[in-house]
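> Compute the structure for the input listed below.
(2 chains)
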Amino acid sequence: MTEFIVSLFLVTGSFFIFIAALGITRLPDLFTRMHASAKASSLGIGLLAIAAGITFSHHWVLLQSVLIILFIFLTAPISAHMIARAGYLLKVPLWKATVRDELKNRYDLKNKILRCPEEK
Amino acid sequence: MSAISSGPMGWAMYLSYLFLIMSFILTFIRFVKGPSIADRIVAFDLMVIIMMGIIILFSIRVSKIVFLDAVIIMALISFLGTVAYARYLEKGASK
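Next up is the predicted model:
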């Protein structure tokens, strides 16, 4: 019974990581690529860590898998935000079918300050 | 977990290795041809995560828990590298 559960977690987790890789290869833009990779890869590595914790079923391994999930879920949004900010400030070109750019003319590029929409 | 190379566990293991290696190849393609340098940073971040998944699979396959320490270390190091590179890009953009 445990083998079936672990097999399910393993296949689902690696499939989510494969979806992230497919998105990073196929999508047209830096920001859409990041949207694919940051979410799906953290979900996939979380499922793989849960599979490892179930397989060994030892308290030390359970602590380790909880630590892996905690680090990934803490650090993935921060690093994604930093890369997106750097990419926007470097003027990485958006996809040509982009509908709306809400940050347009709102970054003070000299001082790197984001202004509110009310104050002009 | 004695006969890990047969049964449902063995098939799941082969399938997971297949998925992870294919996604590593796809991410490496993006890493080589990414138009901007931020694309390369995103691809490298995903490559480190795929390597962490491969290490977890290997640790389950050989039934040793010492390799999970390496996964924790890789999570921390990849975060530090990504943040440092993004800061460097952002500071360099002003000049």
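
> Quick one: distance of stretch A:21-29 to the chain centre.
Its chain's average C-alpha position is 13 Å from that of stretch A:21-29, according to CA atoms, centre = their mean, to the nearest Å.

> scratch that, stretch A:30-45
Counting by CA atoms, centre = their mean, stretch A:30-45 comes out at 4 Å from the chain centroid.

> What residues of it count as buried?
Under the neighbour-count criterion of 16 or more other CB atoms under 10 Å in any protein chain shown, stretch A:30-45 has A:30-34, A:36-45 buried. Heads up, the C-betas are built off the backbone N, CA and C, glycines and all.

> Can you give me the pLDDT of A:Leu90?
Looking at A:Leu90, its pLDDT reads 84.

> can you count the residues close to it?
Here the number of neighbours of A:Leu90 (other CB atoms under 10 Å in any protein chain shown) works out to 15.

> same deal with A:Arg26?
Applying other CB under 10 Å, we find 12 other residues in the vicinity of A:Arg26.

> Do you have the strands of chain A handy? List them.
A:107-108, A:113-114 (DSSP state E).

> other SSEs contacting the first one?
For strand A:107-108, the packing partners by 3 or more CB pairs under 8 Å, 6 or more residues apart in numbering or on different chains; DSSP states H and E come out as strand A:113-114.

> Distance-wise, check the residue positioned nearest the centre of chain A relative to chain B.
What sits nearest the mean C-alpha location of chain A, by CA atoms, centre = their mean, is A:Ala38, with 1.2 Å. According to CB to the nearest CB, to the nearest Å, A:Ala38 stands 8 Å off from chain B.

> what's the closest non-adjacent residue to that residue?
A:Ala80 (4.2 Å; CB to CB, 6 or more residues apart in numbering or on different chains).

> burial of the one you found, as a residue count?
Close neighbours of A:Ala80, defined as other CB under 10 Å, add up to 21.

> so how many other residues sit close to A:Ala20?
Neighbours of A:Ala20 under the rule other CB under 10 Å: 27.

> Return the residues in contact with the residue nearest to it when sequence neighbours are not counted.
Spatial nearest neighbour of A:Ala20, excluding adjacent residues (CB to CB, 6+ apart): A:Ala40 at 3.8 Å. Contacts of A:Ala40 were listed using CB atoms under 8 Å, 6 or more residues apart in numbering or on different chains, and they are A:Phe16, A:Ile17, A:Ile19, A:Ala20, A:Gly23.

> go again using 6 Å as the cut-off
Applying CB atoms under 6 Å, 6 or more residues apart in numbering or on different chains, one finds that A:Ala40 lies in contact with A:Phe16, A:Ile19, A:Ala20.

> Next, please give the residue ranges for the helices of chain B.
Counting by DSSP state H, the segments of chain B that form helices are B:7-33, B:37-62, B:67-93.
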